[in-house]
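>>> kindly return the folded structure for what I paste below:
(one chain, ligands or ions: 1)
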Amino acid sequence: MLEFFLMKVIDHIRQSTEPLISFEILPPLKGKSIQSLYQHLDPLMEHKPAFINVTYHRSEHVFKKKPDGTFDKIVVRKRPGTESICAAILNKYNVDTVPHLICGGFDINETEDALINLNYLGIDNVLVLRGDAPKSESSFEPEPGGHRFAIDLLKQVVNLNNGLYLEKELKNTSQTKFCIGVAGYPEKHFEAPNMQSDLLYLKAKVDAGADYIITQMFFDNSQYFAFVKACRDMGVTVPIIPGLKPIYSKKQLTLLPKTFHIDIPSDLAKEIITCKNDEEVEKVGEEWLVAQSKELKKAGVPVLHYYTLGRPHIIANVVNSI
Ligand code: FAD
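Numbering: from 1, shown residues only. Next up, the predicted model:
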């Protein structure tokens, strides 16, 4: 029988004298088996990640055309299973997992149930996020009885950590012990009117109990260093984990800025444009990520957190090179 030594992300960081490695993965597409996930993770596990994040994907509305020309609006959830995948990874690899928990699509009772389930599974880490609007909607709207901002969800987790459940009359409750991460944006969250306002809301999340910050991907380390300095100047002292992603195709040059509201530095963009095919782009992207990772490691970041998204071999090469 496996013996588990589960730890909180913040304890991994506190106990390590050098930058740790961690990965983010997506649950498999509905219809795929858990084996597809293990095939993705196997080459990465030899790099001994301190923890693995598992993203959350809310339901989408899609319109299906009927023979009479009218449309049926149906609800589709393409990647279910975040919580159970965390438990499966823990069971198979004996590594800590961090499920992402979002506000969108949940009311506060469903959120509490999800947290109780994670607690029963022995998972003590969560990354709390607001989530985005479904593709069919133009702006984020909370579920009726749900949270509008990540900070509201965070406060619910902090309440459970203090034994405060939604039913106030519950007595002698057990306290959960979630270590809580939040998202930060070195190039600003796309809805924030300015960087200062975005940073103030980030600080509010930390003041409300976040243990650490993980950043949106960036391709220019100076953006991360400036962000960390701005946070420190504001009195934010928690670890700030850089989120890193490889570029491997030409179409990402426009797709990444459009989807994630981030810049691709001109030197990297120029190199990618001159590539003859995506194999060459992958090589350029990998070299760029190695250089980024080496510089961040030298600067003493707490963790190098890689978005592995369908390209585990690139991440394995990068981690080998640093
Ligand atoms: P918030 O912190 O709530 O901020 C959202 C916006 O509101 C910001 O512009 C902020 O400045 C502003 N704001 C915050 N608080 C207030 C307030 N009290 N009053 C007014 N304005 C306020 N999405 C998913 O659906 N699933 C995932 O698994 C997922 N994983 C992610 C992992 C990382 C590391 C990152 C960086 C993002 C991830 N996302 C994920 C995307 C995320 O859900 C979106 O970026 C979302 O738009 C914002 O989430 P947040 O938690 O930063 O929101």
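
>>> for the stretch 101-250 of the chain, what spans make up the helices?
Secondary structure of the stretch 101-250 of the chain by DSSP state H, counting those that start in this stretch: the helices cover 108-120, 150-161, 195-207, 221-233.

>>> which one of the ones you listed is the most hemmed in?
Of the helices of the stretch 101-250 of the chain, the one with the most neighbours on average (mean count of other CB atoms under 10 Å) is helix 150-161, at a mean of 20. Every C-beta, even on glycine, is put in place using the N, C-alpha and C of the backbone.

>>> re earlier: including distance to residue 79 and mean pLDDT, could the helices of the stretch 101-250 of the chain go into TSV?
As requested, those are arranged in TSV below (distance: least, CB to CB, whole Å; pLDDT from 0 to 100):
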stretch	distance to residue 79	mean pLDDT
helix 108-120	16	97
helix 150-161	20	98
helix 195-207	25	98
helix 221-233	28	98
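
>>> TSV for these, including distance to residue 12?
Shown next, in TSV, are these (distance: least, CB to CB, whole Å):
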stretch	distance to residue 12
helix 108-120	18
helix 150-161	18
helix 195-207	18
helix 221-233	19
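
>>> now do the SS call for the residue located most distally from the centre of the chain.
In terms of distance from the mean C-alpha position of the chain, residue 68 ranks first, at 42.3 Å (CA atoms, centre = their mean). The three-state label given to residue 68 by DSSP: H, G, I helix; E, B strand; the rest coil is coil.

>>> end to end, how far does stretch 205-224 reach?
Using CA to CA, to the nearest Å, one end of stretch 205-224 lies 19 Å from the other.

>>> check the burial of residue 149 by counting its neighbours.
For residue 149, the neighbour count with other CB atoms under 10 Å is 15.

>>> against residue 307, how distant is the residue nearest to it when sequence neighbours are not counted?
Of all residues beyond its chain neighbours, the one nearest residue 149 is residue 130 (5.8 Å), with distances taken as CB to CB, 6 or more residues apart in numbering. Look at residue 130 and residue 307: by CB to CB, to the nearest Å, they are 18 Å apart.

>>> kindly report the same for residue 116.
29 Å.

>>> just the pLDDT for residue 1.
pLDDT for residue 1: 52.

>>> now residue 158: how far from residue 235?
Relative to residue 235, and taking CB to CB, residue 158 is found at 19 Å.

>>> which parts of the stretch 101-250 of the chain sit against the ligand?
Residues of the stretch 101-250 of the chain lying close to the ligand by CB under 6 Å from any ligand atom are 102, 129-132, 149-151, 183, 189, 191-192, 197-198, 201, 214, 216, 243.

>>> looking at these, which are in strands?
Residues of those located in strands (DSSP state E): 102, 129, 183, 214, 216, 243.

>>> residues near the fifth one, how many?
In terms of burial, residue 216 registers 22 neighbours under the definition other CB under 10 Å.

>>> skipping its backbone neighbours, what lies nearest it in space?
Per CB to CB, 6+ apart, closest to residue 216 is residue 185, 4.8 Å.

>>> that neighbour: how many residues sit nearby?
22.

>>> determine the longest helix present in this structure.
Scanning the chain for the helix with the most residues, using DSSP state H, yields helix 278-298.

>>> what average pLDDT does it get?
The pLDDT scores in helix 278-298 average 97.

>>> how far does that helix sit from the chain's center?
20 Å (CA atoms, centre = their mean, to the nearest Å).

>>> got the contact list for residue 164?
residue 173 (CB atoms under 8 Å, 6 or more residues apart in numbering).

>>> ok so residue 97 is a strand residue?
Yes. Assessed by three-state DSSP, residue 97 belongs to a strand.

>>> I'd guessed it sits against residue 54; true?
Yes. Here residue 97 reaches residue 54: they are 6.0 Å apart, a contact under CB atoms under 8 Å.
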